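K.L.:
what follows is a predicted protein model with its sequence.
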Amino acid sequence: MPVRAKRDVEAALKKKGFQQDDGDHHWFIFWTVDGKKTTVRTKTSHGSTKDLGDGLLKEMARQVRISKLQFLELVDCPMSREQYQRLLEEGGHV
């Protein structure tokens, strides 16, 4: 069962083209390589510093429109920002 530190997931998302927008949660919105804001987004909780468990990672993957395995690759860095954007384009999400 995969677990990732919340701060590591948030840092990885920022490196991969997501920009943080705070509100009731920490929202992460994907911006394309050429600077266009998309509707692809996910969130984490403000107060929690706990690790993100399997269920939350799966939900975040669904929100950013990829599989959990692909999400872990995005967070753990084998998948580049460009590869992720290509997946979104192929899926018609961008």
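P.N.:
Sure thing, it's come through.
K.L.:
enumerate every residue touching the residue positioned nearest the centre of the chain.
P.N.:
Relative to the mean C-alpha position of the chain, the nearest C-alpha, by CA atoms, centre = their mean, is the one of residue 13, at 4.9 Å. For residue 13, the contact set (CB atoms under 8 Å, 6 or more residues apart in numbering) comprises 28, 42, 74-75. In short, each C-beta sits where N, CA and C put it, glycine included.
K.L.:
all strands of the chain, in order?
P.N.:
4-5, 18-22, 26-31, 37-44, 51-52 (DSSP state E).
K.L.:
rebuild the ones you listed as CSV, extending it with mean neighbour count, distance to residue 65 and mean pLDDT.
P.N.:
What follows is these, written out as CSV (neighbours: other CB atoms under 10 Å; distance: least, CB to CB, whole Å; pLDDT from 0 to 100):
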stretch, mean neighbour count, distance to residue 65, mean pLDDT
strand 4-5, 16, 19, 94
strand 18-22, 14, 13, 93
strand 26-31, 18, 9, 96
strand 37-44, 16, 6, 96
strand 51-52, 19, 18, 93
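K.L.:
tell me which of those approaches residue 92 most closely.
P.N.:
Closest of the strands of the chain to residue 92 is strand 37-44, at 11.6 Å (criterion: CB to CB).
K.L.:
which outside residues touch that closest one?
P.N.:
Contacts for strand 37-44 (CB under 8 Å, 6+ apart): 6, 9-10, 13, 18, 25-32, 52, 60, 63-65, 88, 93-94.
K.L.:
coming back round to it: in a markdown table: the strands of the chain, plus distance to residue 70.
P.N.:
Formatted as a markdown table, the strands of the chain follow (distance: least, CB to CB, whole Å):
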| stretch | distance to residue 70 |
| --- | --- |
| strand 4-5 | 14 |
| strand 18-22 | 15 |
| strand 26-31 | 14 |
| strand 37-44 | 13 |
| strand 51-52 | 16 |
